[in-house]
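Colleague: Got a predicted structure plus its sequence, pasted below:
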Amino acid sequence: MSDKILLGILLSSIFGLPCLLAKVTVPINEHSTPSSDLYEWLNAMGATVHLTVGPVNDGGLRGTVATKDLASGDLVLQIPNSATIDVGDHTLPGAELAVELFRRQLSDPQWNASFEPYWKSLPELGTLMSKEVWDNAEHRALLQNAYMASYAEVNANWTRDVWGGNATLEPHQMFPQLLKEKLPGADKITYEEFKHIASLTATYSFVFPNKEGQYMRVMLPLFDLINHKGEGANTYVGKDATTGSYHLIASKNIKKGEEVSHCYNWDNERNDYSLINYFFIQTLTPPRLCALDLPNGSLDGGFTEPDDRYLPHEKGAIQELIAKFEARLRKFPTTEGEDEKILADKGSKLDWVSRRVIDFRRERKRVLRLTIERLKEREKTAYSLPAPAVKAGIAKEEL
């Protein structure tokens, strides 16, 4: 059965309803709330701020809330270009971006000191997780997915190679180059600090064109503390081509005290993509399959688009999908229920990273189960032509 036909069946059978609710998993390892110094610094820099950082749900998830009633089209946040940081070309990995940020900090101590309120607002050492720093084999094994584990390992190894001077996409962007340049303090930077900044520059930055039209990774104070939301996002980000300032605009009416959210990337609606890149997952209604559970899906955001030829084969395609997903669930070394028990064990000594990964794989199995249930309901009324051969085999990269 064509992958496009299969995906067409999935989209119509499983995701025909709009995304009504997005619930971000509450972080086990919560970042601290910025002090008033950040707001005072931004105000002195000429920023306009109509939001504040604080809890946004009963579980204590940190995010941003509006400090006044805002109408659609109103300015929520404006940061001048002087309060932002270009860390490098958007195609560069976090490790190379980290080298560039360290270079600027070490070569211009006065500039570095002027950004102290911003540095203090960022996550502390040891509180970030992303593919750039996923060098713990035990954490990778918890994914129960060889492709994801390999993807994380390759990226973590790249960070180590850039640190050691063994690989880079840009000759001057390896860490030993900072030592050759004899920048004061470069020899005091540890590998753990380097990894942290590699993760930070990759995950706490936005992509925008500079004056020359080159797309750059830009760090934007306060913008980076706004939570991701897909369908329910109530703002969008823009850049003033004349002044270079960055704007957050309300895309709908926002009440005072309501959470301010932004859709960073639609690929983040797939939990495998959001986990490996930003280390968060969502529980969406209706459920949304991981990218790797879509036909030819990948962690780079691609999958086979559906076409209009699936309807005459609907029942056969549904049967094939059911068999495929049931086989996938049987292949996992633990069940959804077993993962739930692990997470519910109050005596468990799991660290926060392990808990998040186990929660991810539990949610992946839950969505597969719910998808199977809805497919079986759809099968009862599906159009029927001679069914194709059912293929329950699983590609190596699918688990």
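Modeller: Structure received.
Colleague: measure the closest residue to residue 224 other than its chain neighbours to residue 127 for me?
Modeller: Leaving aside its chain neighbours, residue 224 sits nearest to residue 204 (4.4 Å; criterion: C-beta to C-beta, 6 or more residues apart in numbering). Backbone N, C-alpha and C define where each C-beta goes, glycine included. According to C-beta to C-beta, to the nearest Å, residue 204 and residue 127 sit 12 Å apart.
Colleague: Over to residue 328?
Modeller: Using C-beta to C-beta, residue 328 is found at 33 Å from residue 127.
Colleague: Show me which of those two is the more surrounded one.
Modeller: Per other C-beta atoms under 10 Å, whichever of residue 328 and residue 127 has more neighbours is residue 328, with 19 against 15.
Colleague: close enough to count as contact, that one and residue 293?
Modeller: Yes: judged on C-beta atoms under 8 Å, residue 328 makes contact with residue 293 at a distance of 7.4 Å.
Colleague: quick one: low-confidence ranges for the stretch 51-200 of the chain?
Modeller: Nowhere does the stretch 51-200 of the chain drop to pLDDT under 70.
Colleague: can you map out the strands along it?
Modeller: Under the criterion DSSP state E, counting those that start in this stretch, the stretch 51-200 of the chain contains strands at 51-55, 62-66, 75-79, 85-89.
Colleague: Would you map the helices across the stretch 201-350 of the chain?
Modeller: Using DSSP state H, counting those that start in this stretch, the helices of the stretch 201-350 of the chain run over 271-278, 314-331, 336-344.
Colleague: Give the other helices and strands that the longest one contacts.
Modeller: What it means is helix 314-331. Contact analysis of helix 314-331 by 3 or more C-beta pairs under 8 Å, 6 or more residues apart in numbering; DSSP states H and E lists helix 3-13, helix 352-379 as its packing neighbours.
Colleague: Just list the residues touching residue 376, thanks.
Modeller: By C-beta atoms under 8 Å, 6 or more residues apart in numbering, the contact set of residue 376 is residue 322.
Colleague: meant to ask about residue 178, not that
Modeller: 99, 102, 103, 106, 186, 189.
Colleague: Give me the spatial nearest neighbour of the third one, chain neighbours excluded.
Modeller: Across the structure, with C-beta to C-beta, 6+ apart as the measure, the residue nearest residue 103 apart from its sequence neighbours is residue 178 (6.0 Å).
Colleague: Then the last one?
Modeller: Leaving aside its sequence neighbours, residue 189 sits nearest to residue 102 (C-beta to C-beta, 6+ apart; 6.5 Å).
Colleague: Check the fourth one too.
Modeller: The spatially closest residue to residue 106, leaving aside those adjacent along the chain, is residue 183, at 4.0 Å (C-beta to C-beta, 6+ apart).
Colleague: So that neighbour versus residue 110, what's the distance?
Modeller: Following C-beta to C-beta, the distance that separates residue 183 from residue 110 is 14 Å.
Colleague: Could you do residue 208 as well?
Modeller: Relative to residue 110, residue 208 is positioned 25 Å away (C-beta to C-beta).
Colleague: in the stretch 1-150 of the chain, which spans are helices?
Modeller: With DSSP H, counting those that start in this stretch as the criterion, the stretch 1-150 of the chain has helices spanning 3-13, 36-45, 94-107, 109-114, 116-121, 137-141, 146-164.
Colleague: Please name every helix or strand in contact with the longest one.
Modeller: Using 3+ C-beta pairs under 8 Å, 6+ apart as the contact criterion, the secondary-structure elements in contact with helix 146-164 are helix 94-107, helix 137-141, helix 175-180, helix 191-203, helix 271-278.
Colleague: Out of the ones you listed, flag the one nearest residue 77.
Modeller: helix 191-203 (19.3 Å; C-beta to C-beta).
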